[in-house]
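S.K.: Provided below are the primary sequence and the corresponding predicted coordinates.
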Amino acid sequence: MAVTRYGVINIGSHELDMEIYDISAASGIQKVDQIRHLVPLGKDAYSEKSISFQVLDEICRVLQGFMEILKGYRVTDYKAIATSAVREAENNTIVLDQIRVRTGIEVQVLSNSEQRYIYYKAVASRQTNFNKIIEKATAFVDVGAGSSQISLFDKKRLVTTQNIKLGSVRLRERLRNMDLEIADKRRLLGELVNNDIQTFHKLFLKDREIKNIIAVGDPLVYFVRKMLGTDTTEWVKAEKLQELYQKVMHSSLSDLADKMDLSIESVSLLLPALTIYKRLLDKTNAETVW
């Protein structure tokens, strides 16, 4: 049976990620390898509205390395995409042109609607009981680096979808530039998130009783599974996520980084993302987080 080897490169707001897959009729889609490299695109794009030449040089260097890896795996077919950090950068035309000239890679910048549609398809195809879950009122929540998309499903249909400017990198950078104590920054983080979630609740949730939340996106899903030890479990009770939020709120970044064997830069995204889910859980009284 023929096997196709395929590569996917994602220029995200926090890291560059490449995944290589074998695709066949017999075995479906099997991941062969994954390579990640931290590059702080969002730090530039969300605060300065542009991507610096220093960061652009780093992007091109990493992408050149990715191309060498693809050659080593004999991958000839691949796709490269970029999301909100590149989408929002005012100099993105220059960035994309430089990437093409220096690496030979043509990058497709996904619109917000394209990006969310792909997430819906991915979850529906992977989660065999997706249609059963959305029989009851369900919030499909993607907390990204620059923004969060909240989509409401009920009785197997999409009721509404809204994008709010609450993203883990955007929130982190906003607080990082403030001269405040750690405790004050964390309190302010809760207030910033609460304002937007309250507005969303008044306009769109109203009296709708949400039973489930479907959480998608890196790095939150990885963090939650790592912290709760639920690598093979696809859902947790809402109380578990509430407990995790309290644990993170009262832990230092260095302790969390040691516990999860990750960089402080990566772990610093956990609290902003968890705060968004915490406020949604408070407003919806959802019972289960998938």
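M.R.: Nice, I can see it.
S.K.: and Arg279, how many neighbours?
M.R.: Neighbour count for Arg279, taken as other C-beta atoms under 10 Å: 21. (C-beta placed from N, C-alpha, C; glycine too.)
S.K.: Can you tell me the closest non-neighbouring residue to it?
M.R.: Counting by C-beta to C-beta, 6 or more residues apart in numbering, Arg279 lies nearest to Ile197, which is 4.3 Å off, once chain neighbours are set aside.
S.K.: and the one you found, how far is that from Lys278?
M.R.: Ile197 sits 9 Å away from Lys278, going by C-beta to C-beta, to the nearest Å.
S.K.: Likewise for Val86?
M.R.: From Val86 to Lys278 the distance is 29 Å (C-beta to C-beta).
S.K.: One more: Arg87?
M.R.: Arg87 sits 27 Å away from Lys278, going by C-beta to C-beta.
S.K.: Please identify which of those two sits among more neighbours.
M.R.: The residue with more neighbours, out of Arg87 and Lys278, is Lys278; 23 against 16, by other C-beta under 10 Å.
S.K.: contact partners of the host helix or strand of Gln246?
M.R.: Gln246 is part of helix 238-249 when elements are defined by DSSP states H and E. Outside helix 238-249, the residues within contact range by C-beta atoms under 8 Å, 6 or more residues apart in numbering are 186, 213, 224, 227-228, 256, 270-271, 274-275, 277-278, 281, 286-289.
S.K.: What's the local residue count around the residue nearest to Arg279?
M.R.: When neighbours are defined as other C-beta under 10 Å, Ile197 has 23 of them.
S.K.: got the contact list for it?
M.R.: Residues in contact with Ile197 (C-beta under 8 Å, 6+ apart) are 166, 276, 279-280, 283.
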